[in-house]
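**Q** this one's sequence-less:
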């Protein structure tokens, strides 16, 4: 049988919340706003499926370069290559 190659393969521990953090996240995370040039950390929230970036970018830091609908465009380095990740604000955290 051929193994599934979906977008969430090999993320059993990566996209999992701790037992006491389970359930829906605070609604205010969806109302966060970022300006162009802001540095953000990509921290995937597994309880929000919409606007979820690919698991490879979890934990990386990038720069907001624009907005696409309700989501933000974030430039991130993947090795030496610059890539643009489109993610909703629930999966972004301001880098301080």
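**A** Okay, I see it. The shown structure was predicted, so the numbers you read here are calculated from the model rather than taken from an experiment. Numbers count the residues shown, from 1 in each chain.
**Q** Please name the residues that touch residue 71.
**A** Shown in contact with residue 71 (C-beta atoms under 8 Å, 6 or more residues apart in numbering): 51, 86-89. Every C-beta, even on glycine, is put in place using the N, C-alpha and C of the backbone.
**Q** Please apply the same query to residue 50.
**A** Per C-beta under 8 Å, 6+ apart, neighbours of residue 50: residue 88.
**Q** Can you show me the strands along the chain?
**A** Under the criterion DSSP state E, the chain carries strands at the ranges 39-42, 61-68, 71-78, 81-87, 92-94.
**Q** now stretch 89-96: how far from the chain's centre is it?
**A** Chain-centre distance of stretch 89-96: 8 Å, with C-alpha atoms, centre = their mean, to the nearest Å.
**Q** ditto for stretch 32-43
**A** On C-alpha atoms, centre = their mean, the centre of stretch 32-43 falls 11 Å from the chain's centre.
**Q** again with stretch 31-46
**A** On C-alpha atoms, centre = their mean, the centre of stretch 31-46 falls 8 Å from that of its chain.
**Q** just stretch 1-17 next, same as before
**A** Distance, centroid of stretch 1-17 to centroid of chain: 16 Å (C-alpha atoms, centre = their mean).
**Q** Next: stretch 4-20.
**A** That offset, for stretch 4-20, works out to 13 Å (C-alpha atoms, centre = their mean).
**Q** And for that stretch, what's in contact with it?
**A** Contacts for stretch 4-20 (C-beta under 8 Å, 6+ apart): 3, 44, 46-47, 54-55, 58.
**Q** now do 6 Å
**A** Here stretch 4-20 makes contact (C-beta atoms under 6 Å, 6 or more residues apart in numbering) with 46, 55.
**Q** As a markdown table, the contacts of residue 71 with neighbour count, pLDDT and distance to residue 13 would be great.
**A** Formatted as a markdown table, the contacts of residue 71 follow (neighbours: other C-beta atoms under 10 Å; pLDDT from 0 to 100; distance: C-beta to C-beta, whole Å):
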| residue | neighbour count | pLDDT | distance to residue 13 |
| --- | --- | --- | --- |
| 51 | 19 | 95 | 22 |
| 86 | 14 | 98 | 25 |
| 87 | 24 | 98 | 20 |
| 88 | 20 | 98 | 23 |
| 89 | 20 | 98 | 24 |
